[in-house]
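Visitor: After the sequence you'll find the predicted model.
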Amino acid sequence: MSYEDWYRQDRLPHIFCAGCGNGTIINCTLAAIEQMDWKKEETVFVSGIGCSSRAPGYILTDSLHTTHGRAIAFATGVKMANPDLHVVVFTGDGDMAAIGGNHFIHACRRNIDLTVICMNNQIYGMTGGQGSPTTPKGCLSSTTPFGCAETPFDLCELATAAGANYVSRWTSYHVKELEKAVKVGLETPGFSFIEALTQCPTAFGRRNKFRQVSDHVEYLRSHSLLKAKRDRMLENHEQIPEDMYIVGEITRRKRPAMGVKP
Amino acid sequence: MTRTEFWQGNTACAEGALAAGCNFFGGYPITPSTEVAEHMAAKLPKKGGVFIQMEDEIAGIASIIGASWTGARAMTATSGPGFSLMMENIGFAAMTETPCVIVNVQRGGPSTGQPTMSAQGDMMQVRFGSHGDYAIIALCPATVQEMYELTVKAFNLAEKYRVPVFLMADETVGHMREKIIIPDKVERVDRKPLVPGALPFKAEADLVPGFPQFGKGHHVHVTGLTHDERGYPCATNPKLHASLVQRLVDKIENARDEMADYDVINPDASRVFIAYGGPVRTVQQVMHDLKDKDIGFLRIRTVWPFPEKALAEFKNAKAFFIPEMNLGQMAREIERHVNVPVVSIPKIGGELHTPADLIAVLEAHP
């Protein structure tokens, strides 16, 4: 079986725009699940609202496409009621970090055995490009027409501070690394959080000088700084450029977890 | 062997849930419902169930919906402010046909209002509070015994009709302590499973599709979007939306008579009280004191869908008197079913009507 067998062929064509990075992240996730040898009937995908949250609808397992921001709370019910199920949440920056922020930090605190994959496109794509809690300072969106003035969340630092057992960040450029990170997340008992920065050509790229999809992917590549390198730079008292995304494994630990399969 | 206890209403509710096979409780503390959660926290884990205190009421109801899809008999309990927070996910449960039980021990509102005082101000919210058209079932207990029995019934109705079912208690009944007789066994109805290979949201004559439980290989996609019989989003198809939502409403409204639960006292009377929940007790006292065969009483337990056929049992009724701990919410519903005067007897502030309150209204309408 290949990861392609996990798709619902009868749901095609999908709704994602040309150049969208979400498909890459779904592929990486399914490839990791393939490696885990999980069965479809024991795997459940849960999501909220937004482009990212349409992912479970294209996957041939039981799936719960819920209300805006609440995916992790629904997933908590699924996992606690039946720990034998593998529960994976697809979410986005608006869904998870804005309206769903409270559920996110509490799931990290409980360290409940979920794997949460956040497709962070730094914008509300589905509603047409409004600023989100991860829109970088100065970036244009339909609700930040003069440039975003607010400071964005560092979702990985947030997850770490709140107690998640596994936290990692990659981008839609780093497909091999992302796939490996998802696999580690799936293997880790407790809460695993994988942030995948991704391009949104329709709502973000065209407003922010990424005229080509490849320009944005190249930006994500060139503005990724490996955590290990960042740590070395810090040791050497070097300046870390502000516009860099720290990628790699941010946190891995063994705090007591909830909802782990007995 | 039955046994007799002296319990608080909220305890009876939790015990009723346990007897009904509840094995998942997700909730958030709120006066005056907290004892339900506390009792479940103490008892549920010992019976192999799951109790989880969520971060807010939105998460509370989300967790029970998630649990229900794994086959759990799931419940949450709250009061006004928490109930308001739950509204969006209540609509999700209705749209996705998720069996679940929501207890609302009503307190004075709006807003924070009167946390420790009694009210019935959420009777319209429970029916219409989430956006869009849908239908639900709501039961109103008037005794500690009914806190137990109607909780059991709520689970069975939720399973049978695949719909959120509400136990609309009030602070009076929730915190009152009185005698209760515990049966050694209660009725149990389980959701009908999906026949393998059948479409997950295709209903037969009863309008209730078989339940495709997670983890059983059904590969079901559950979405709050308008969906077709496969469960796939189909949100821009006008006909499909109309037929789906019409079915969700019809499956409950068509069963109105089947699930009607009420008592008729003195059906030949010309003046008739109608009450549900706490005010039932005041009417009972008035009936006891006046001993007048010309005063009737319709005591309602299933408030939604409203059992309108019960009104026709009072053929000589010249007026209906509706004491409620709100500004006349159900009186308005009753008004549209009858051709005689409907006298609303509203009381807000947190206290039950006194018998004298009701007698004064009777005297004003000889």
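Guide: Noted; the coordinates are in hand.
Visitor: Against residue A:43, how distant is residue B:296?
Guide: Per C-beta to C-beta, to the nearest Å, residue B:296 is found 58 Å from residue A:43. The C-beta positions use only the backbone N, C-alpha and C, and glycine is treated the same way.
Visitor: same question but for residue B:134, I mixed them up
Guide: Taking C-beta to C-beta, one finds residue B:134 at 30 Å from residue A:43.
Visitor: got the residues of the stretch 1-150 of chain B near chain A?
Guide: The stretch 1-150 of chain B comes close to chain A at residues B:23-24, B:26, B:50, B:52, B:54-56, B:58-59, B:62-72, B:74, B:88-89, B:92, as judged by C-beta under 8 Å from any C-beta of the partner chain.
Visitor: circling back: more neighbours: residue B:134 and residue A:43, which one.
Guide: residue A:43 (23 against 19; other C-beta atoms under 10 Å in any protein chain shown).
Visitor: Got the phi and psi for that one?
Guide: Dihedral angles of residue A:43 (phi, psi; degrees, to the nearest 10) stand at phi -120, psi 130.
Visitor: so where's the longest strand in chain B?
Guide: Ranked by number of residues, the top strand in chain B under DSSP state E is strand B:100-108.
Visitor: Get me the contact residues on the stretch 51-200 of chain A for chain B.
Guide: So the stretch 51-200 of chain A meets chain B at A:56-57, A:60-67, A:70, A:73-82, A:84-85, A:102-103, A:106 (C-beta under 8 Å from any C-beta).
Visitor: how many other residues sit next to residue 152?
Guide: Looking at chain A here, since you left the chain open. Residue A:152 has 18 neighbouring residues, counting by other C-beta under 10 Å.
Visitor: sorry, should have said chain B
Guide: Counted with other C-beta under 10 Å, residues neighbouring residue B:152 total 24.
Visitor: Report the secondary structure element holding it.
Guide: helix B:144-161 (DSSP states H and E).
Visitor: From the contact counts, what lies against that helix?
Guide: On a contact count with 3 or more C-beta pairs under 8 Å, 6 or more residues apart in numbering or on different chains; DSSP states H and E, helix B:144-161 meets helix B:9-19, strand B:100-108, strand B:137-139, strand B:164-170, helix B:171-175, strand B:177-182.
Visitor: the inter-axis angle of that helix versus strand B:164-170?
Guide: Here helix B:144-161 runs at an angle of 170 degrees relative to strand B:164-170 (axes from the mean of the first three to the mean of the last three C-alpha atoms, to 10 degrees).
Visitor: For helix B:144-161, give the mean pLDDT please.
Guide: Across helix B:144-161, the average pLDDT comes to 98.
Visitor: chain center to the longest strand of chain B, what's the gap?
Guide: 8 Å (C-alpha atoms, centre = their mean, to the nearest Å).
Visitor: Low-confidence regions, the chain specifically.
Guide: Just going to use chain A. Within chain A, the ranges that satisfy pLDDT under 70 run A:1.
Visitor: Nearest to chain B: which residue in it?
Guide: In chain A, the residue that lies nearest chain B is residue A:77 (2.8 Å; C-beta to the nearest C-beta).
Visitor: And the helices in the chain, which stretches?
Guide: If you meant another chain, say so; for now it's chain A. With DSSP state H, the ranges of helices along chain A come out as A:22-36, A:71-81, A:93, A:101-110, A:155-162, A:175-187, A:213-222, A:227-235.
Visitor: that's the wrong chain, I wanted chain B
Guide: Counting by DSSP H, chain B has helices at residues B:9-19, B:34-43, B:57-69, B:80-96, B:123-128, B:144-161, B:171-175, B:238-253, B:256-259, B:279-290, B:329-335, B:355-364.
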